[in-house]
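Visitor: Just to be clear, the model below is a prediction. Sequence and coordinates:
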Amino acid sequence: MFNDLNNSQESSGNKCGHQPDAPRYFIPPEKHAKRPEILRRVQVAIQEYFKNPNILPLLNAANCSDRQQRSERREACVDILACILHYTDLVTLRVAIPQADGSTAGLTMPYLATLSGLGERRAERAIHDLKAAGIITVHPICVKLTDTAYKGLAAIRTVSKHLFTVLGFHDWLKHEQRKAQERRMSKIEKKRRKALANVQMGINAANLNTPERERTGHMASAAEHIASIKAGLKRRPPPD
């Protein structure tokens, strides 16, 4: 089996297990929820680049050569771009993983390579080509530890809108981004209202306790709070 694999690699002219007649494409982790339909459609659309490099001419010319990009390099570009799209935020087109506190974290190169099923050096070359073609942008991030020491963090990567335009998804992207933004604003508004409601409940509880403390010297019970709130609701004038 091992010898057969070596022979296959040698006959295809590479040492990464690439088979030109059987390319390997990115497969999302099983436990992940489905991504927006438009992102999944783009992932499928870019697979066509492996067969027909002319659909993304700038990527095909990223090696600054008149020759067509090698098939194993095309496979790597398709794999890691599909992986990037899987983690792309639809509103901002930034590549990140949502965190519990509402923030996002970028993906490191080793993590991207592992998810894409590529070696790290091969993944780096693919990222270089995607950057050169203007399909993604990469902004390195670091934090200052001391006056002379810095720590590198996962870079911020962003997918270009031009990729969607070239593949014929421009109008659909605008529509889906608007819907995603509306959903995001709705969630933010719900959180804001919940926070205000909690503050108001605290204020009401304090107001209910003030006269009770002055009269009896003890805090009102939960049952007394509920009874007071119900009584207050009954006293409200009917709506016009």
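Guide: That came through fine. Note that this is a predicted model, so its numbers are computed, not measured.

Visitor: could you pull out the strands for this structure?
Guide: 94-95, 97-98, 104-105, 136-144, 150-159 (DSSP state E).

Visitor: Could you verify my assumption that residue 75 touches residue 21?
Guide: No. Between residue 75 and residue 21 there is no contact under Cβ atoms under 8 Å: 11.5 Å. In short, each C-beta sits where N, CA and C put it, glycine included.

Visitor: mind listing what residue 170 touches?
Guide: Counting by Cβ atoms under 8 Å, 6 or more residues apart in numbering, residue 170 touches 161, 164.

Visitor: Next one: it from residue 184, what distance?
Guide: Residue 170 sits 21 Å away from residue 184, going by Cβ to Cβ, to the nearest Å.

Visitor: go on, residue 199?
Guide: 23 Å.

Visitor: between these two, who's got more neighbours?
Guide: residue 184 (13 against 10; other Cβ atoms under 10 Å).

Visitor: ok, now which ones touch that one?
Guide: By Cβ under 8 Å, 6+ apart, the neighbours of residue 184 are residue 91.

Visitor: Just the pLDDT for it.
Guide: On pLDDT, residue 184 comes in at 84.

Visitor: Could you do residue 190 as well?
Guide: So, for residue 190, pLDDT stands at 84.

Visitor: again, but for residue 109
Guide: With respect to pLDDT, residue 109 scores 91.

Visitor: so who does residue 55 touch?
Guide: So residue 55 contacts 48-49, 166-167 (Cβ under 8 Å, 6+ apart).

Visitor: try it again with 10 Å
Guide: With Cβ atoms under 10 Å, 6 or more residues apart in numbering as the criterion, the residues that contact residue 55 are 45-46, 48-49, 166-167.

Visitor: Spell out which residues make up each domain of the chain.
Guide: 2-168, 171-240 (automatic domain parsing).

Visitor: Tell me where this protein has helices.
Guide: 2-12, 37-45, 48-51, 57-60, 71-86, 109-116, 120-132, 161-166, 170-216, 222-235 (DSSP state H).

Visitor: Please compute how far stretch 72-82 lies from its chain's middle.
Guide: 19 Å (Cα atoms, centre = their mean, to the nearest Å).

Visitor: Could you do stretch 84-96 as well?
Guide: 4 Å.

Visitor: Likewise for stretch 158-169?
Guide: The chain centre lies 16 Å from the centre of stretch 158-169; the measure is Cα atoms, centre = their mean.

Visitor: Tell me the buried residues in that stretch?
Guide: 158-159, 163-164, 166-167, 169 (16 or more other Cβ atoms under 10 Å).

Visitor: send the alpha carbons of stretch 176-189 over as CSV?
Guide: Extracted in CSV, the C-alpha atoms of stretch 176-189 (Å, rounded to 0.1, in the frame of the first residue of the first chain):
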residue,chain,number,x,y,z
GLU,A,176,-27.8,38.0,2.0
GLN,A,177,-25.6,40.6,3.7
ARG,A,178,-28.6,42.9,4.3
LYS,A,179,-30.6,40.0,5.8
ALA,A,180,-27.7,38.9,8.0
GLN,A,181,-27.2,42.5,9.2
GLU,A,182,-30.9,42.8,10.1
ARG,A,183,-30.7,39.5,12.0
ARG,A,184,-27.6,40.8,13.9
MET,A,185,-29.3,44.1,14.8
SER,A,186,-32.4,42.3,16.0
LYS,A,187,-30.2,40.2,18.4
ILE,A,188,-28.5,43.3,19.6
GLU,A,189,-31.8,45.0,20.3
